[in-house]
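Participant: need a structure here:
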Amino acid sequence: KMLRSVVILAALAVACLAESPRVVLEPRSKTPSSWTLTEAVPGDVPLKLIFAIKLQNLPELEAKLLSVSDPKSPEYGQHLSLDDVDALVAPTPKSIQAVSAWISQVAPDAVLERTSGYINAVLRAADASRLLDCDFYRFAHRLANNTLARCNRPYTVPAEVVPHLDFVGGVSHFPRLPGRVHAQVRPTAGLVTDPHVLHEHYHIYNTRANNTNNKQAVAQFLGQFYDPLDLAEFFVMFYYPNTGDKVDKVVGPNKPYWAGVEASLDIEYIMSTGAGIKTWFYSTPGLHENQEPFLEWAQLLANTSDVDIPKTISVSYGDDEDSLDYDYAFRCSVEFQKLGTRGVSMLFASGDSGVGCNDNGTAFMPGFPATSPWVTAVGGTFLGLFESGTEVADSISSGGFSTFFAMPDYQVAAVNQYFKVAKDLPPPSFYNRSGRAFPDIAAISEGYSVVIDGIPMPGVAGTSCSTPVTSGIFGLLNDLRLNNNKATLGFLNPLLYQTLAATPTAFFDVVQGCNPGGCGDNDGFCAAVGWDPATGVGTPMYDKLAQVVLALP
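Facilitator: Numbers count the residues shown, from 1 in each chain. Down below sits the predicted model:
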């Protein structure tokens with residue numbers, strides 16, 4: 001009798017879903033001009049969709065992150081465990097069941113995998129079309145050798161499912177290729193940048209980490225790999241003290257014979273700056289069909305144990321904010337919050353297009369994830385001609401103000417001070433003055449020497465350079481704290497802005513240079529005393545920061 005009742009109730013639920021009104025969950029922006037529709041995806045082709053289930057207690061998560069990250073808080077450094085975070089924000093069983101039942105009703109052969117806050121589903125394209133009421137087509141990139149499967153119109157879901165679902169990944173988002181952040185080779189008249197220059201300039205000198213519980217990582221997307229032989233050769237040629245050091249773990253595929261400049265740069269410089277720290281290399285498979293590599297990587301981190309999770313992670317990746325849906329960016333930011341509460345520092349390159357520009361040249365274009373309030377965005381500088389001490393804002397260093405996220409309290413005072421002293425500001429209509437301001441910090445981003453295919457390549461540039469260097473420095477600072485039985489630094493931004501106010505000499509204050517992005521008749525934002533939207537709080541002085549972090553509880 002009971003079994004019969006369950007069957008009847010399930011049948012009624014299926015019938016209700018089938019007859020339910022449909023709701024557009026994400027507005028679909030127009031297809032970027034760099035992507036061209038080529039053909040319909042055959043119905044039997046398997047697609048992978050990522051269903052982001054609504055999480056609970058997000059205000060409490062944000063409050064907890066700020067309390068464990070604020071040096072003035074009595075809870076500073078008291079990070080949560082993975083289990084604690086999951087217990088706080090995990091979706092309700094009702095939400096998981098509602099989304100699972102809907103998928104299984106329409107696509108009974110779908111293979112479902114549940115992770116922390118997500119359901120990954122592999123299903124036939126025909127079933128995916130019925131599920132989301134949209135047709136999947138292949139789109140080819142005009143320049144890159146990539147194709148994607150995407151819907152041709154906004155997808156819809158049953159009204160009963162809407163309260164349980166943030167978005168469906170792998171349906172609407174078109175990534176920017178090449179990315180907003182990408183290493184490039186540029187002629188330079190300044191000094192050649194190598195590990196010895198960086199160690200001297202940022203007062204790292206011969207510092208080498210030794211705590212076995214300390215880990216750092218770089219993350220790669222879109223088919224970027226490194227060659228261990230290149231890494232070994234780099235150490236022999238440019239930083240002999242690291243000779244013999246190897247990547248501790250590769251997570252995901254790595255094809256050394258396809259080594260790329262981006263991945264080689266990242267791994268060579270995070271390991272030579274954060275010398276001695278166990279280093280992981282995350283590689284999320286490149287684009288094919290409807291993958292969302294960044295979202296898949298965020299899930300991987302969300303399910304990595306407390307013992308294994310690297311505590312400093314460097315990422316050179318970004319998209320224009322206007323290419324993304326707000327719900328997608330917000331959910332990614334929640335994943336960053338979860339990592340911050342666990343004591344993980346997330347550093348993202350700010351971008352390599354200055355202030356950027358929208359399609360019609362009427363507004364600047366900020367880039368995500370650098371604009372998330374819950375990551376540390378890293379801008380770029382260069383050493384003035386024949387001057388080993390003076391840094392100038394790199395013209396390609398992306399910075400400005402988010403159109404998605406409001407300015408967080410931790411940076412309000414520093415940003416207000418900038419507007420008091422800044423000269424020749426761009427027209428107010430070009431940016432959102434009340435938005436999250438970025439970058440937060442910077443480092444040298446020009447003239448790097450990178451070994452690839454066994455050959456040194458000079459002149460590599462971009463915030464892809466400054467981000468692993470900055471990450472390595474904070475990895476060394478974590479090592480200091482761990483060796484003194486203290487917690488890792490975790491989410492860095494409250495510390496950075498408080499240190500700027502209390503101990504400004506902990507940063508080299510960049511006061512020259514601007515970041516024009518070819519957007520209207522202006523120079524973008526120019527460097528100034530204190531924080532600015534080209535170089536953040538300045539560049540990190542390791543020896544001074546070491547004193548600051550050791551004095552913290």
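Participant: In contact with residue 440: list those residues for me.
Facilitator: Counting by C-beta atoms under 8 Å, 6 or more residues apart in numbering, residue 440 touches 376-378, 411, 492-493, 496-497, 536-537. Placement of C-beta: from N, CA and C, glycine included.
Participant: I should have written residue 283 there, sorry.
Facilitator: Counting by C-beta under 8 Å, 6+ apart, residue 283 touches 220, 224-225, 250-254, 263.
Participant: where's the dip in pLDDT among these?
Facilitator: Across the set of those, residue 224 stands lowest in pLDDT, at 87.
Participant: Do I have it right that it meets residue 260?
Facilitator: Yes - contact criterion C-beta atoms under 8 Å: residue 224 and residue 260 qualify, at 4.5 Å.
Participant: Which of the two has more residues huddled nearby?
Facilitator: residue 224 (27 against 19; other C-beta atoms under 10 Å).
Participant: Below-threshold pLDDT in the stretch 51-200 of the chain: ranges please.
Facilitator: The stretch 51-200 of the chain contains residues with pLDDT under 70 at 177-183, 186-190.
Participant: Run through the helices of it in chain order.
Facilitator: 58-69, 82-89, 93-106, 125-132, 195-201 (DSSP state H, counting those that start in this stretch).
Participant: Among the ones you listed, single out whichever gets nearest to residue 26.
Facilitator: The closest of the helices of the stretch 51-200 of the chain to residue 26 is helix 125-132. By C-beta to C-beta, the value is 10.4 Å.
Participant: Other residues contacting that closest one?
Facilitator: For helix 125-132, the surrounding residues in contact (C-beta under 8 Å, 6+ apart) are 41-47, 49, 102-103, 106-107, 109-110, 123, 135-136, 149, 151, 155-157, 168, 171.
Participant: What's the ChimeraX line that selects buried ones from those residues?
Facilitator: ChimeraX command restricting those to the buried ones, with burial defined by 16 or more other C-beta atoms under 10 Å:
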select :41,45,47,49,102,103,106,107,110,123,136,149,151,155,156,157,168,171
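Participant: sorry, back to before: please identify which of the helices of the stretch 51-200 of the chain is closest to residue 298.
Facilitator: Of all those, it is helix 82-89 that lies closest to residue 298, at 13.5 Å by C-beta to C-beta.
Participant: Give me the angle between the closest one and helix 58-69.
Facilitator: For helix 82-89 against helix 58-69, the angle by axes from the mean of the first three to the mean of the last three C-alpha atoms, to 10 degrees is 140 degrees.
Participant: what about helix 82-89, distance to the chain center?
Facilitator: Averaging C-alpha positions (C-alpha atoms, centre = their mean, to the nearest Å) puts helix 82-89 22 Å from its chain's average.
Participant: Give the buried residues for that helix.
Facilitator: Per 16+ other C-beta under 10 Å, helix 82-89 contains these buried residues: 82, 85-86, 88-89.
Participant: name the helices or strands packed onto that helix?
Facilitator: Contacts defined by 3 or more C-beta pairs under 8 Å, 6 or more residues apart in numbering; DSSP states H and E place helix 82-89 against helix 58-69, helix 326-341.
Participant: Good, we can wrap up now.
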